[in-house]
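In: have a look at this fold, sequence not included:
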């Protein structure tokens, strides 16, 4: 049972344009969501998070939007840069629920010059 | 500031053998979690250690066990290895057992032949 789904395995965007990565979840108990970025041969790096009491959280070029009724979140990267090329994982969690994160399968983002 | 370190980087074992993977958390962190990332999948939570005790466990059989030492470092042990145990094993650390945001190490690539 895939509780967190990232239906797009890959995404290609031109440098300077917006990248939109999508994530859906089925577990309505999740109330905290995180995005991680992973480069080859490195561990995932925390990018941005959002609590279910918010519908938007922004950090520099990165913005995460949460639509609880649709059980959907998205990560916007504006403007996209070649260094953003990586695999992006969405994860769901329970606030105060400890370290257990439930990850999606990831989206490979490629930012082209 | 030392991040999360894991050893070894790569490991090759045969079916039925036992393996031990090691992790040192980020400086100042006291909680360690382990994840298994199979090819093409997102990381899957195995278990979490805090105050030298297993606090949470994912859907993994008893063949997977762990330990946390007084200096907060941790080991993951897998007995009776199966071909399906071939994966990247990631260690993550945080300050406190209830933090969702975690810092990940680069992982140990285990191949079971």
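Out: Right, received. Where do you want to start? Values in this document were obtained by computation on a predicted structure and should not be read as measured data.

In: chain B: helices as residue ranges?
Out: Assigned by DSSP state H, the helices in chain B number zero.

In: can you name the residues of it that neighbour chain A?
Out: Residues of chain B lying close to chain A (C-beta under 8 Å from any C-beta of the partner chain) are B:4, B:31, B:33, B:35, B:40-45, B:48, B:55-56, B:58, B:90, B:92, B:94, B:97-107. Where C-beta positions appear, they are placed from N, C-alpha and C, glycine not excepted.

In: any of these buried? List them.
Out: Among the residues of chain B next to chain A, those buried by neighbour count (16 or more other C-beta atoms under 10 Å in any protein chain shown) are B:4, B:31, B:33, B:35, B:42-45, B:48, B:55-56, B:58, B:90, B:92, B:94, B:97, B:100-107.

In: so which of the residues you listed sit within strands?
Out: If you go by DSSP state E, these have B:31, B:33, B:35, B:44-45, B:48, B:55-56, B:90, B:92, B:94, B:103-104 in strands.

In: and which of those is nearest to residue A:35?
Out: Closest to residue A:35 out of these is residue B:104 (13.3 Å), distances taken as C-beta to C-beta.

In: show me what contacts that closest one?
Out: A:36, A:43, A:44, A:45, B:4, B:35, B:90, B:91, B:92 (C-beta atoms under 8 Å, 6 or more residues apart in numbering or on different chains).

In: 10 Å instead?
Out: Each residue near residue B:104 by C-beta atoms under 10 Å, 6 or more residues apart in numbering or on different chains is listed here: A:36, A:38, A:42-46, B:3-4, B:6, B:26, B:33, B:35, B:43, B:90-93.

In: near chain B, which residues of chain A? Just list them.
Out: Where chain A comes near chain B, counting by C-beta under 10 Å from any C-beta of the partner chain, the residues are A:2, A:4-6, A:9, A:31-34, A:36, A:38-39, A:41-46, A:48-49, A:51, A:87, A:89-106.

In: any quick PyMOL command for the buried ones out of the residues you listed?
Out: Command for PyMOL that selects the buried part of these, burial taken from 16+ other C-beta under 10 Å:
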select buried, chain A and resi 4+5+6+31+32+33+34+36+38+43+44+46+48+49+87+89+90+91+92+93+94+97+98+99+100+101+102+103+104+105+106
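
In: and residue A:85, how far is that from residue A:68?
Out: Going from residue A:85 to residue A:68 by C-beta to C-beta, to the nearest Å gives 30 Å.

In: between those two, which is the more surrounded one?
Out: residue A:85 (18 against 15; other C-beta atoms under 10 Å in any protein chain shown).

In: my guess is that one contacts residue A:38, does it?
Out: No. Residue A:85 is beyond contact range of residue A:38, at 11.2 Å (criterion: C-beta atoms under 10 Å).

In: find residues that contact each of those two.
Out: Common contact partners of residue A:85 and residue A:38 (C-beta under 10 Å, 6+ apart): residue A:108.
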